[in-house]
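Colleague: my questions are about this predicted structure, shown below with the sequence.
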Amino acid sequence: MSKHTLSVMVENEPGVLSRVAGLFSGRGFNIYSLNVAPTLEAGVSLMTIVAEGDDAIVEQIVKQLRKLVPTIKVKDLTELKSVDREMVLLKVNAEDSKRAEILRIVDIFRCKVVDVSVDELTIEVTGDQGKIGALVNLLTRFGIKEIARTGNVAMRRSMQTDL
Amino acid sequence: MKLTGAQILLKCLEEEGVDVMFGFPGGAVIDIYDEIPKSSVEHILVRHEQGAIHAADGYARATGRVGVCLVTSGPGATNTVTGIATAYADSIPVVIFTGQVPRALIGNDAFQEVDIVGITRPCTKHNYLVHDIKDLARIIKQAFYLARTGRPGPVLVDLPKDIQQQVAEFKYPEEVSMRSYKPTKKPHIGQIRKVVKLLQKAKRPLIYSGGGVITSGSHQELTWLGQTLNIPVTSTLMGLGAFPGDDPLFLGMLGMHGTFAANMAVNNCDLLLAVGARFDDRVTGKVDTFAANATIVHIDVDPTSIQKNVSVQVPLVADCKLALAALKAETEGTLDEFDWVADHKPWVDKVQGWAKEHPLTYKDDTDGIKPQYVVEKIHEITKGDAIIATEVGQNQMWAAQFYKYNRPNTLLTSGGLGTMGYGFPAAMGAQRAFPDKLVIDIAGDGSIQMCIQEMMTVVCNKLPVKIVILNNGYLGMVRQWQELFYDKNYCATCMDAQPDFVKLAEAYGAAGFRVTEKKDVEKTLREAFKLDKPVIVDIRVEKEENVYPMVPAGASLTEMLLV
């Protein structure tokens, strides 16, 4: 089992999200995250789907996605050099005694504090899964009260140096 | 030209060359029904919407054209779901029009409202809810195009009532242009050459032909390939009729109820050429041992079929007709230098030896009537020149085994979904397409009761469908499994409380016959087939006869239970 990031370009017609999501649930494919938003081109949306499975399953997922009538293009970014980002909002316990340390971590990770109260900080972090995982690990001991994640967005790099 | 939505729909159907649709009216489609008498499209009123969709499907299978079905919103629409899934599983081109509540009420749980687009999303090739009357003609054009191109399938168009009433300028689009839908049709010539090389090297090649050969109309190419290169051919249930059933190279069906010769050939071949088939579990048995000694070539128009169930060495995404034509063109040049017939002869001899050793047969040793005998008689009387529809279960398997299909589009059967109740309405659709042909539904006493109400439709539309019930008083196939694998615990499979099928036929205005003795089978069938009206022939067959050979579910194809 490995994670694959798929970039799926679709016609933005009604029900297209449920067609894609239904394909995953109906065929028993494992979906890790799914992100949809419009592109520069009117009427076209880009979905970034992180799916789990062995090679044969991922091959089926890609083919089944291509078979959907509104699908324009499917790329498996896992085989390419790509830029992956996720945005996460974290609400962390921050009494006075802990606040300085949390702010130091925020600084090191180049995150932003976007909301402050007497005993809480809300932090915005953008990065790949490794960075977000590391930050979550570090902040867990202060007590994370809430977390909201966007799921991955990804794009292939312009230079595919070792291909 | 300004037209209402309802008028636009009928104009589009005329443009598509639709001569008939099967349907059932209701409040949400009454505007369309108001226009039907003014158009050239004939409407056949069924007695249940499931009958309408199966009839459209049967019409499509028999003709190779798109079948059309029209129903109302809510329950009308949901009643078609079984038939839509049936057509989807077997890749049959059908377009379904459903009425919908007015747009302003959508989502409000209005009377007879249901999200049919949501319900049918997983069992249609594509579906539409028309939001804007300006899109209506384009959507209908696309629906027919999607239904019949690439891997065919059902397409549903949901029509809100106010869209049917609105007025718009009508112009039927001349072309379909969808950047997101471009099925691959042409085979890759490099792959074709690779297949020809493999065929030349192979000592024990086998063709495994499926429904895609019939759908793509490539039976002539397939037959040429098998006969010219002297390659034995086995077929799926859906592929029967694509290769002549009485050709000595034809091994019959493979898989769970396949022949000994076909299953042994799959196990022993060194090259398996799969054409328009999808390696269904009823065909492969235990996947690990399926064609374990062979290089597998897989030709299919649908890339998702390839590598789905078994690992394939040479994939070839293409329309079967174009792929087989390309194979023919490439091999035709080799006929002088390469002696295909002599080269494959030892293998063909071996395979035919298996066929002689264990032919399809049954023990005809009692006074009772064997169902296989009935199917053989039907074949004998019709000389194979009939359209056969089947229900699902033992009747279906005997109809597949003991009737020899020499031409494509002559067996209408629910292969993928296994829908009981399919055969009779499908026969009705085929009979409408071919009024002068003999159309026979080979049925079981269980299945026939699932859509029996269409007796009224065939009678009042003068569609002389013949129903032959192999009546064993059981849900026979499940009873067979209970006998073999569940210690004869015949739970809920005994159907000894039955209607009087003869009186039932007569009540509808059809003819009915009952046969209880073997000597009367042939005579009664001949008499029934001659009548120019719908007939039920209720034949009381041996109650506990089983379908053999049988590969138990999950076993290897070589582990067959024989007669």
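Modeller: Great, that's in hand.
Colleague: what does chain A put close to chain B?
Modeller: Within chain A, the positions near chain B by Cβ under 8 Å from any Cβ of the partner chain are A:10-11, A:14-15, A:18-19, A:22, A:26, A:56, A:59-60, A:63-64, A:66-67, A:69-72. Every C-beta, even on glycine, is put in place using the N, C-alpha and C of the backbone.
Colleague: quick one, which of those are buried?
Modeller: Buried by 16 or more other Cβ atoms under 10 Å in any protein chain shown: A:10-11, A:15, A:19, A:59-60, A:63-64, A:67, A:69-72, out of those.
Colleague: and these, which of them are in strands?
Modeller: A:10-11, A:71-72 (DSSP state E).
Colleague: give me the contacts around stretch B:162-181.
Modeller: A:10-11, A:69-72, B:1-9, B:11-12, B:15, B:29, B:31-32, B:99, B:102-104, B:130-134, B:136-138, B:141-142, B:145-146, B:150 (Cβ atoms under 8 Å, 6 or more residues apart in numbering or on different chains).
Colleague: buried among those residues? Make that a PyMOL selection.
Modeller: Buried residues among the contacts of stretch B:162-181 (16+ other Cβ under 10 Å), as a PyMOL selection:
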select buried, (chain A and resi 10+11+69+70+71+72) or (chain B and resi 3+4+5+6+7+8+9+11+12+29+31+32+99+103+130+131+133+136+137+138+141+142+145+146+150)
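Colleague: what sits closest to the residue in the stretch 351-500 of chain B that chain A sits nearest to if chain neighbours are left out?
Modeller: In the stretch 351-500 of chain B, the residue that lies nearest chain A is residue B:417 (14.8 Å; Cβ to the nearest Cβ). Among residues not flanking residue B:417 along the chain, residue B:89 sits closest, at 4.1 Å (Cβ to Cβ, 6 or more residues apart in numbering or on different chains).
Colleague: isn't the one you found right up against residue B:416?
Modeller: Yes - assessed by Cβ atoms under 8 Å, residue B:89 is found in contact with residue B:416 at 2.8 Å.
Colleague: re the thing from before, give me the subset of the residues of chain A next to chain B lying in helices.
Modeller: A:18-19, A:22, A:26, A:56, A:59-60, A:63-64, A:66-67 (DSSP state H).
Colleague: how about those in a markdown table, adding pLDDT?
Modeller: Formatted as a markdown table, those follow (pLDDT from 0 to 100):
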| residue | pLDDT |
| --- | --- |
| A:18 | 94 |
| A:19 | 96 |
| A:22 | 95 |
| A:26 | 94 |
| A:56 | 92 |
| A:59 | 94 |
| A:60 | 95 |
| A:63 | 96 |
| A:64 | 97 |
| A:66 | 96 |
| A:67 | 96 |
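Colleague: the helix or strand hosting residue A:97 packs against which elements?
Modeller: According to DSSP states H and E, residue A:97 maps onto helix A:96-108. Judged by 3 or more Cβ pairs under 8 Å, 6 or more residues apart in numbering or on different chains; DSSP states H and E, the packing partners of helix A:96-108 are strand A:112-116, strand A:120-127, helix A:129-140.
Colleague: closest one to residue A:30 among the ones you listed?
Modeller: helix A:129-140 (16.2 Å; Cβ to Cβ).
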